[in-house]
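Novice: Sharing a model prediction with you, sequence too.
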Amino acid sequence: GNSVTQMEGPVTLSEEAFLTINCTYTATGYPSLFWYVQYPGEGLQLLLKATKADDKGSNKGFEATYRKETTSFHLEKGSVQVSDSAVYFCALSSTTDSWGKLQFGAGTQVVVTP
Amino acid sequence: NAGVTQTPKFQVLKTGQSMTLQCAQDMNHNSMYWYRQDPGMGLRLIYYSASEGTTDKGEVPNGYNVSRLNKREFSLRLESAAPSQTSVYFCASKISGGITDTQYFGPGTRLTVL
């Protein structure tokens, strides 16, 4: 079946450091890929997405490129802020899954210190 | 435009008690989902509703029932709560079942079963 694997956290960084969160997936066909972010005490919100190979999603300084050859969708940000402290979830949606359901990774907690 | 709303935000139950989690969306979305979030496991799909009048099981449906009351509302019922159902529950909606569509999440209900 389809699955998403992302690096374990917590990832602790200083403000203005470079952030990378690795995400790899297993899926049949051509899934869509998503990064969701969950701030403390809140629900999930879409950070960015890519719907076909070589697409780059970007938002709020975050970027991720859909790499079919390596089945990866790594999240990057060049200079993090304290406000980026959150849990980040990589997810996919595939035509082989129930009605557009999202298959999530376990989540990576990111802590940014001043 | 409130998006996806959930009630209650917090609930404590004793083993064997029943309760209903309420979810409503005002975005005229056709598809709605219930997920549970447990530490280290990401979000797992409990039930979904592709459209008004239809419901289907997801990955972890045992111990739950759902009702798609109308296009806006999708409730989740625990008939006899068990400690294993202690979790954070998220409702989500999207315009359709397409794999490129974005899912929008509610703020969650934190449930503790003693």
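Specialist: Perfect, I can see it now. Numbering: from 1, shown residues only, chains lettered A, B, ... in the order given.

Novice: From now on I want contacts and neighbour counts done on CA atoms only, so please keep to that.
Specialist: OK.

Novice: The lowest-mean-pLDDT helix or strand in chain A vs chain B: in contact?
Specialist: Sorting the helices and strands of chain A by mean pLDDT, DSSP states H and E puts strand A:103-104 at the bottom, at a mean of 92. Yes. Against chain B, strand A:103-104 shows contacts by CA under 8 Å from any CA of the partner chain at A:103-104.

Novice: So for stretch B:92-100, first residue to last residue, what's the gap.
Specialist: 15 Å (CA to CA, to the nearest Å).

Novice: And the strands in chain B, which stretches?
Specialist: B:4-7, B:10-13, B:19-25, B:31-37, B:43-49, B:56-57, B:64-68, B:74-78, B:87-94, B:104-105, B:109-113 (DSSP state E).

Novice: Now do the buried residues in stretch B:100-114.
Specialist: Within stretch B:100-114, the residues that count as buried by 16 or more other CA atoms under 10 Å in any protein chain shown are B:100-113.

Novice: can you check stretch B:6-24 too?
Specialist: B:6-7, B:13, B:20-24.

Novice: how about those, which pair is most distant?
Specialist: B:Leu13 and B:Ala24 (22.5 Å; CA to CA).

Novice: in the sheet, who's paired with the residue positioned nearest the centre of chain B?
Specialist: With distances taken as CA atoms, centre = their mean, B:Trp34 lies nearest the centre of chain B, 2.8 Å away. Note on B:Trp34: beta-bridge partners B:Tyr47, B:Cys91, judged by DSSP bridges.

Novice: Can you give me the pLDDT of A:Tyr25?
Specialist: According to the prediction, A:Tyr25 has pLDDT 96.

Novice: about what we covered before: filter the buried residues of stretch B:100-114 to keep only those in contact with chain A.
Specialist: Residues of the buried residues of stretch B:100-114 in contact with chain A (CA under 8 Å from any CA): B:100, B:102-108.

Novice: Pick the one among those closest to chain A.
Specialist: Closest approach between those and chain A, by CA to the nearest CA: B:Pro107, at 4.1 Å.

Novice: Quick one: residues in contact with stretch B:20-37.
Specialist: For stretch B:20-37, the surrounding residues in contact (CA atoms under 8 Å, 6 or more residues apart in numbering or on different chains) are A:101, B:1-8, B:43-52, B:71-78, B:87-97, B:106, B:109.
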